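>>> predicted coordinates and the sequence they were generated for:
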Amino acid sequence: MKKCGAPRPTPGANMSSSRKDKDAPEGSWTCPECNNLNYPFLTVCNRKGCSYSKPTPTNN
Ligand SMILES: [Zn+2]
């Protein structure tokens, strides 16, 4: 008696969702002072009157 014990691959388990939630590119950071979303290349907060320095991680 022949039985089929091969597991079926489950489609849909690995969906490629690469859409962004917001208009900001990857690496953007949020200012802890005013919650303003800044671009990755900004070293200080973009918000007028804030100028909060970007919190840099220890690893370089
Ligand atoms: Zn700010």
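Yes, it's here.
>>> how about the residues of this structure near the ion?
When proximity is defined as CB under 5 Å from the ion, the chain approaches the ion at 31, 33-34, 36, 45, 47, 50, 52. Where C-beta positions appear, they are placed from N, C-alpha and C, glycine not excepted.
>>> buried among those? Make that a PyMOL selection.
PyMOL command restricting the residues of the chain next to the ion to the buried ones, with burial defined by 16 or more other CB atoms under 10 Å:
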select buried, resi 31+36+45
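>>> now tabulate the residues of the chain next to the ion in a markdown table and tack on pLDDT.
Rendered in a markdown table, the data for those read as follows (pLDDT from 0 to 100):
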| residue | pLDDT |
| --- | --- |
| 31 | 94 |
| 33 | 94 |
| 34 | 96 |
| 36 | 95 |
| 45 | 96 |
| 47 | 95 |
| 50 | 95 |
| 52 | 95 |
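>>> can you pull the poorly scored residue ranges out of this structure?
1, 12-22, 57-60 (pLDDT under 70).
>>> what's near enough to touch the residue nearest the centre of it?
Compute the mean C-alpha point of the chain, and by CA atoms, centre = their mean the closest residue is residue 26, 5.7 Å away. By CB atoms under 8 Å, 6 or more residues apart in numbering, the contact set of residue 26 is residue 40.
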